[in-house]
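Q: fold the following.
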Amino acid sequence: MADFTYVFTFEKLAYAAFVTDVFSRRIVGWRVADSMRTELVLDAVEMALWTRDHQGMPVGEGLVHHSDAGSQLGFKGSFAFTRKLIDAGVDPSIGSVGDAYDNAMAEATNSLYKAELIEHEGPWKTVADVELATLGWVDWFNRSRLHGALNYLPPIEFETSHVAGAVTQ
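A: Numbers count the residues shown, from 1 in each chain. Below is the predicted model:
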């Protein structure tokens, strides 16, 4: 599931896109940039596909990528975005217009990002400062942050335990 948010800096607006695995709550792809161009989301999706492929996780048939119907990043209308998903064997799923609950999990990731990093550590001077801090936050989120929906395990530990057969959701 994917979405983006924005961050005010003294320099200009920064945009952060996240691709989150619904099963494990792990952020598998992300990108911070100074514009809302399609490349922002394409980079996050590329990272997500690379992350899963290099961990031996399934990528392709049966995998669904969901995003809201917002056209700011080209989720709905970008040929390049849709082509990337199709080429990877991933089925694109677009939410309905005006349904606040349709992308709730992605919005929750954005809210946690803002509360735990952006508002807590700001104000931000530059887009590069936001990008570097986001790198650290994503690492902490995936490796250390406990999630109630995951039996109070961090996402990477939950995935590892699930693959080993020790945890079921």
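Q: pLDDT below threshold where in this protein?
A: In the predicted model, the chain carries pLDDT under 70 at residues 56-62, 68-78, 95-102, 166-169.
Q: cutoff 90 now
A: Along the chain, the parts satisfying pLDDT under 90 run over 1-3, 22-23, 36-39, 41-42, 45, 49, 52-107, 162-169.
Q: can you pull out the helices in it?
A: Along the chain, the segments classed as helices by DSSP state H run 38-53, 79-87, 104-113, 119-121, 127-143, 155-163.
Q: and those helices as a markdown table, adding mean neighbour count and distance to Lys12?
A: Any C-beta I mention is one placed from the backbone N, CA and C, and that applies to glycine too. Compiled in a markdown table, the helices of the chain are given as follows (neighbours: other Cβ atoms under 10 Å; distance: least, Cβ to Cβ, whole Å):
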| stretch | mean neighbour count | distance to Lys12 |
| --- | --- | --- |
| helix 38-53 | 20 | 14 |
| helix 79-87 | 14 | 24 |
| helix 104-113 | 17 | 19 |
| helix 119-121 | 11 | 18 |
| helix 127-143 | 17 | 7 |
| helix 155-163 | 18 | 31 |
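Q: for Ile94, find the nearest of those helices.
A: helix 79-87 (9.6 Å; Cβ to Cβ).
Q: give me the distance between that closest one and the centre of its chain.
A: 17 Å (Cα atoms, centre = their mean, to the nearest Å).
Q: rewinding a little: can you tell which of the helices of the chain is closest to Arg25?
A: Per Cβ to Cβ, nearest to Arg25 of these: helix 155-163, 4.9 Å.
Q: helices or strands next to the closest one in the packing?
A: Helix 155-163 sits against helix 127-143, with contacts defined as 3 or more Cβ pairs under 8 Å, 6 or more residues apart in numbering; DSSP states H and E.
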